[in-house]
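1. Sequence first, predicted coordinates after that:
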Amino acid sequence: MTGERVVRRLAAILAADVAGYSRLMGRDEHGTLTRLKAHRTERLEPTLARHGGRLVKLTGDGALVEFPSAVDALGAAIEFQQAMAEANQDQPEDTAVVFRVGLHLGDLIVDGDDLYGDGVNVAARLEAEAPPGGIVVSRAIREAVQGRLNANLHTLGDLTLKNIERPIRAFRVEWTAEDWPAPSTISPPASPTPTSSNQAAPALALRDKPSVAVLPFQAVGGDAELESFVDGLTEDVITGLSLIKAMWVIARNTMFTYKGRAIDVRTVGVDLGVRYVLEGSVRKAEGRLRMTTQLVEAETGHDIWVAKIDRAGGGLFELQDHFAQYVVASIQTQLALSEGKTGRKEKAPSGVADLLARAWKRHYDLSAEGLSDTVSLAEKALALDPSNGEACRMIATGVWHQAYRGFIPWDRVAADRVMLFAQRAVVAEEADEYAHWILGLAYLMARQHDRAIISLRRALDINPSCSLAYGSMGTVLAWGGEPDESVANNELALRINPSDPTIYHRHFGLALAHYLASRYAKALEHALLVLQHRSDWWLALIIHAATLAQVGQIAEAQAVCADLRRVRPDMTVTSLNVLPFAKVSDRDHVADGLRKAGLPEK
């Protein structure tokens, strides 16, 4: 190996070879080589380009490929093996070229363009365990892809592999041809080049869920350290977005071929078949780092979202993490809004996807009419597809917000309905962070605070940039009697997603937490911020009135109580019993403030 410094990185490795290659070559050397080269050109290389794979080396009968993610690697492996199965349908068994594939996610040693190390060795040994036409993966791959691809992984137990000291837990991959149809469009080249005026490149079909390409961030007027920073930021953003199940993200290897080039985002959209392109830059200014970024609709070139943030202090890795988390959380919100608008272009959509897109958009309105539409649209989608997890999740979400906002009674009927559909959503979509998020709120409604926290932590395990889960964790902790932890989670959610159109929920969590900790000035500050957005929200009016009374502003508190009674004529101090306080002392603390504000006892 060259050089003194050992460079390592974590990556997914695919090892493939031809089953019975020596037998095939002995029977028909020329024909076997011809067929093998054709399969590489027509099936392997396009598949790698679609999934961002880098061909490390070719052997006589096989290949070693590096991928930036396990999902990309397994998706490519299944797509390639399915394409080979279809190509071999009319081939005699004794002449068909059939591959075996092994996959592992592990540590690699980088030497120029070559790779070495334990990760490569494990992938190669797993390939030898695969049946002809099959795929065997390690536990590391299985854990990374679970629930994110249309495939089943069956355990083979702990295998003892040649020259591998430890046993390796392995899994056989099973898939159905219907779930993996052959691509109908030509994939982009591994190194994109401008389209010539004489020959137009065929456009890729848009995917059936929000798709985004992240152009390499630019270092403006920077040095080598800033160049390294923006490359790491780009990788972190791609990785973070890739964790979001409801989104399709172009892999790192493909996107870094655009680095340093002047690119029209509309060309990127056509080349890669994506709806959105994210681009950005970072510059140093007076000891600070300033990031500017924008999300662009590829078809029109119009900005969907633009942001600029400055940060000073802390190490570069800390700043890189913060910038990446901010971008990922914001993009997740903006794409949900944009896709909702897309879904409303047709006046009377009948398909499940269109119904759910409209439900998403109406949900973000969070009005009585909007939430009623959310539930109705999701129910229609569920009637068309009774096993649809997203439809179940949207029903649960709509009903939760109807009760939380006060549009329907906060009672056992609502709580049971939220729980039923949230549980169905998790069963159908176990790897969906939103399903675990709404299940967490269902548990809050049922006063099962510990279970609520477990569900929200599961959402964050799936998507560490899910600001909604951080914020709802803060809400649960406030109701659960942990005000300081609540403040920390709500402030984190505000920091990583300040563009959230439902940001007033975070301010309510902060108002409640500060009130329960008797920090009344802070509680007033955040209660007012909530009411600037939602002046008629009963829960915000409760905390506002109670806080004013606790600081001696009785006349103002009485006026807020009058507003509360206009919104909820049946509201009394006793009504607090239905709210999910974990501690009686916290409920009594709020009741004390409302009594001082003049709210009737019963």
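-> Nice, thanks for sending it over. It should be emphasised that the depicted structure is a prediction, and the values quoted were computed from it without experimental measurement.
2. Could you use CA atoms for every contact and neighbour count after this?
-> Will do.
3. Okay, and the residue minimising distance to the centre of the chain sits in which element?
-> Centroid-nearest residue in the chain: residue 244, 1.4 Å away (criterion: C-alpha atoms, centre = their mean). Assigned by DSSP states H and E, residue 244 belongs to no helix or strand.
4. Convert the helix or strand hosting residue 469 to PDB, retaining C-alpha atoms only.
-> In this structure, residue 469 sits in helix 467-479 according to DSSP H and E. Taking C-alpha atoms only, helix 467-479 is exported to PDB below (Å, rounded to 0.1, in the frame of the first residue of the first chain):
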ATOM      1  CA  SER A 467     -37.600  18.100  14.500                       C
ATOM      2  CA  LEU A 468     -41.200  17.100  14.900                       C
ATOM      3  CA  ALA A 469     -40.200  14.200  17.200                       C
ATOM      4  CA  TYR A 470     -37.900  16.400  19.200                       C
ATOM      5  CA  GLY A 471     -40.600  19.000  19.700                       C
ATOM      6  CA  SER A 472     -43.200  16.400  20.600                       C
ATOM      7  CA  MET A 473     -40.800  14.900  23.000                       C
ATOM      8  CA  GLY A 474     -40.700  18.300  24.600                       C
ATOM      9  CA  THR A 475     -44.500  18.500  24.800                       C
ATOM     10  CA  VAL A 476     -44.700  15.000  26.400                       C
ATOM     11  CA  LEU A 477     -42.000  15.900  28.900                       C
ATOM     12  CA  ALA A 478     -43.900  19.100  29.800                       C
ATOM     13  CA  TRP A 479     -47.100  17.200  30.500                       C
END
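5. Show residues contacting it.
-> With contacts defined as C-alpha atoms under 8 Å, 6 or more residues apart in numbering, helix 467-479 is touched by 329, 437, 441, 444, 449, 452-453, 456-457, 459-460, 483, 485-494, 496-497, 505-506, 509-510, 512-513, 516, 580-582.
6. list the buried ones in it?
-> 467-479 (16 or more other C-alpha atoms under 10 Å).
7. quick revisit: and the contacts of helix 467-479, which of them are in helices?
-> Within the contacts of helix 467-479, residues falling in helices by DSSP state H are 329, 437, 441, 444, 449, 452-453, 456-457, 459-460, 483, 485-494, 496, 505-506, 509-510, 512-513, 516.
8. residue ranges with poor pLDDT in the stretch 451-600 of the chain?
-> 499 (pLDDT under 70).
9. 90 - rerun?
-> In the predicted model of the stretch 451-600 of the chain, residues 458-470, 491-503, 533-534 satisfy pLDDT under 90.
10. And residue 191, what's its pLDDT?
-> According to the prediction, residue 191 has pLDDT 37.
11. can you check residue 258 too?
-> Residue 258 is given a pLDDT of 77.
12. Next: the one 5 residues further on.
-> The per-residue pLDDT reported for residue 263 equals 75.
13. Report the secondary structure state of it.
-> Three-state call for residue 263 (DSSP: H, G, I helix; E, B strand; the rest coil): coil.
14. quick revisit: let me have the buried residues of helix 467-479 in a markdown table, adding distance to residue 133 as columns.
-> Compiled in a markdown table, these are given as follows (distance: C-alpha to C-alpha, whole Å):
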| residue | distance to residue 133 |
| --- | --- |
| 467 | 42 |
| 468 | 42 |
| 469 | 41 |
| 470 | 44 |
| 471 | 46 |
| 472 | 46 |
| 473 | 46 |
| 474 | 49 |
| 475 | 50 |
| 476 | 49 |
| 477 | 51 |
| 478 | 54 |
| 479 | 54 |
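15. Which elements pack onto the helix or strand containing residue 325?
-> With elements taken from DSSP H and E, the one containing residue 325 is helix 316-343. Based on contacts counted as 3 or more C-alpha pairs under 8 Å, 6 or more residues apart in numbering; DSSP states H and E, the elements that helix 316-343 packs against are helix 224-242, strand 303-312, helix 352-365, helix 483-496.
16. Give the buried residues for the longest one.
-> By neighbour count, with 16+ other C-alpha under 10 Å as the criterion, the buried positions of helix 224-242 are 226-227, 229-242.
17. what does the second one give?
-> Along strand 303-312, the positions that meet the burial threshold by neighbour count (16+ other C-alpha under 10 Å) are 304-305.
18. by contact count, what packs against it?
-> Looks like strand 303-312 contacts strand 288-297, helix 316-343 (3+ C-alpha pairs under 8 Å, 6+ apart).
19. do that again at 10 Å, thanks
-> Secondary-structure packing of strand 303-312 (3 or more C-alpha pairs under 10 Å, 6 or more residues apart in numbering; DSSP states H and E): strand 276-285, strand 288-297, helix 316-343.
20. Just checking: what are the partner strands of the second one?
-> Okay, so that is strand 288-297. Take DSSP bridges as the rule and strand 288-297 pairs in its sheet with strand 276-285 (antiparallel), strand 303-312 (antiparallel).
21. residues in contact with residue 489?
-> 467, 469-475, 477, 495, 506, 509-510 (C-alpha atoms under 10 Å, 6 or more residues apart in numbering).
22. quick one: which two of these are the most distant?
-> For those, the maximum inter-member distance is 18.1 Å, found between 477 and 495 (C-alpha to C-alpha).
23. Settle this for me: residue 436 is touching residue 393, isn't it.
-> Yes. Counting by C-alpha atoms under 10 Å, residue 436 touches residue 393, with 9.2 Å between them.
24. what is in contact with those two at once?
-> Counting by C-alpha under 10 Å, 6+ apart, the shared contacts of residue 436 and residue 393 are 422-423, 425-426, 429.
25. shaky segments in the stretch 251-400 of the chain?
-> Using pLDDT under 90, the flagged stretches of the stretch 251-400 of the chain are 251-367, 385-390.
26. give me that answer again for 50
-> Flagging of the stretch 251-400 of the chain using pLDDT under 50 yields the residue ranges 341-349.
27. again with the stretch 51-200 of the chain
-> Applying pLDDT under 50 to the stretch 51-200 of the chain picks out residues 184-200.
28. try it again with 90
-> For the stretch 51-200 of the chain (pLDDT under 90), the answer is 51-73, 75, 83, 86-96, 105-125, 128, 139-170, 176-200.
29. which residues touch the residue nearest to residue 507 when sequence neighbours are not counted?
-> Leaving aside its sequence neighbours, residue 507 sits nearest to residue 526 (C-alpha to C-alpha, 6 or more residues apart in numbering; 5.1 Å). Residue 526 makes contact with 504, 506-512, 514, 520, 532, 540, 543-544, according to C-alpha under 10 Å, 6+ apart.
30. What segments of this protein are strands?
-> Along the chain, counting by DSSP state E, strands occupy 7-18, 54-58, 62-67, 99-111, 114-116, 135-138, 152-159, 168-174, 211-214, 218-220, 248-249, 276-285, 288-297, 303-312.
31. Dump these into TSV; add distance to residue 123 as well.
-> Output for the strands of the chain, formatted as TSV (distance: least, C-alpha to C-alpha, whole Å):
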stretch	distance to residue 123
strand 7-18	6
strand 54-58	13
strand 62-67	9
strand 99-111	5
strand 114-116	11
strand 135-138	8
strand 152-159	13
strand 168-174	11
strand 211-214	29
strand 218-220	35
strand 248-249	25
strand 276-285	33
strand 288-297	37
strand 303-312	41
